[in-house]
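> okay, sequence plus prediction incoming.
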Amino acid sequence: MTTCLIGLGGNLGNVPQTIVGAMQSLSQRPGVQVERWSSFYQTAPVGAAAGSEFTNAAAQLQTTLSARDLLSCLLAIENEFGRERDVVWGPRTLDLDLLFFGNDVIDDLPVLRVPHSGCWYRRFVLDPLFELVPDFVHPRKQQSIAELRRRILVRPFRVEVLDLARSVKSALRTLQTMFPDAELRAIRQPDEVSQDDQGLLIRLDSGPLPPWAAPLKLRIGWLDVSVRMGDRRQKLINILRSVGL
């Protein structure tokens, strides 16, 4: 049996009722035993078209399934409860994310990545996980859920963005007004990078990194969203909302 952690959420219909129903459905699947789930948390929507406030939770389960089979099971339950995927980051009846599959690190893209790429900095994931498993250690970041959550609660919250193309600084100025609890900085030279590994260090644009920037990928706060589709400014807004700002 493998211990797994999943994230749950939604913002259409009676979400708490949907989550309970989804957990009951999941517990009836062969090879899956739902052990417990967290309280419900109300969180701000993330994404320009995400809609109204979300209800989020986390659950712990045991399974004999493979990670890929468990993911297929979660997607089937999403469909069972009316999940539609017409809009990226859009409103949804139910979201079931496989966050951790034991201590495994799986890069089976584009189908599966474990641990979930956003679970270590998203407040709506870390809050319910902190309730369930505060001492669980993220196998990539090598910090506990409690430690990862503590990082995103610091105010002002530091966000440094690699701006090698010199195209982000003006956007950061406008976002600073929107997010007064953040400290937003554009990084263009090695001497501009903070020495302590706090907050987030974000790579927005693809392309080769200069030699001085390559070691930054080893930082806990390194977040590479260069392959994500979408406008740079909106990507930053989504990240800042996810952190809980």
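Structure's in. What do you need?

> give me the secondary structure label for the residue sitting furthest away from the middle of the chain.
Largest separation from the mean C-alpha position in the chain: D191, at 29.3 Å (C-alpha atoms, centre = their mean). When classified by DSSP: H, G, I helix; E, B strand; the rest coil, D191 comes out as helix.

> just the one 10 residues further on next, same as before
For L201, the assignment made with three-state DSSP gives strand.

> related to what we said a few turns ago, and the residue farthest from the centre of the chain, how far from D163?
14 Å (C-beta to C-beta, to the nearest Å). The way it works is simple: take the backbone N, C-alpha and C, and place the C-beta from them, glycine included.

> do the same with L112
In terms of C-beta to C-beta, L112 sits 32 Å off from D163.

> who has more neighbours, those two?
D163 (20 against 17; other C-beta atoms under 10 Å).

> which element is the residue nearest to the more buried one when sequence neighbours are not counted on?
Among residues not flanking D163 along the chain, A186 sits closest, at 3.9 Å (C-beta to C-beta, 6 or more residues apart in numbering). Per DSSP states H and E, A186 falls inside strand 182-187.

> strand partners (parallel or antiparallel) of that strand?
If you go by DSSP bridges, strand 182-187 pairs up with strand 157-162 (parallel).

> phi first, then psi, for the closest residue to A171 other than its chain neighbours.
In space, and not counting its chain neighbours, A171 is closest to R233: 4.7 Å by C-beta to C-beta, 6+ apart. Backbone geometry at R233, expressed as degrees, to the nearest 10, gives phi -60, psi -40.

> then L5?
According to degrees, to the nearest 10, L5 has phi -120, psi 130.

> so what's it up against?
Contacts for L5 (C-beta atoms under 8 Å, 6 or more residues apart in numbering) come out as 58-60, 99-100, 129, 132-133, 136.

> determine which two of the residues you listed are furthest apart.
Pairwise distances among these were taken by C-beta to C-beta; the largest, 13.3 Å, belongs to A59 and F136.

> who's more crowded, those two?
A59 (24 against 19).

> you'd agree that one is up against Q33?
No. Using C-beta atoms under 8 Å, A59 is not in contact with Q33; the gap is 11.1 Å.

> and the strands in the protein, which stretches?
Ranges of strands in the chain, per DSSP state E, are 2-10, 32-37, 41-43, 54-63, 95-101, 106-108, 112-114, 157-162, 182-187, 200-203, 222-224.

> centre of the chain versus the first one, how much separation?
Averaging C-alpha coordinates over strand 2-10 and over its chain gives two centres that are 12 Å apart (C-alpha atoms, centre = their mean, to the nearest Å).

> list the buried residues for it?
Using 16 or more other C-beta atoms under 10 Å as the test for burial, strand 2-10 gives 2, 4-10.

> output the residues you listed as TSV; include the columns distance to D69.
As requested, the buried residues of strand 2-10 are exported to TSV (distance: C-beta to C-beta, whole Å):
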residue	distance to D69
T2	11
C4	12
L5	17
I6	14
G7	18
L8	19
G9	22
G10	23
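
> which of these sits closest to A171?
Nearest to A171 among those, with distances taken as C-beta to C-beta, is G9, at 27.9 Å.
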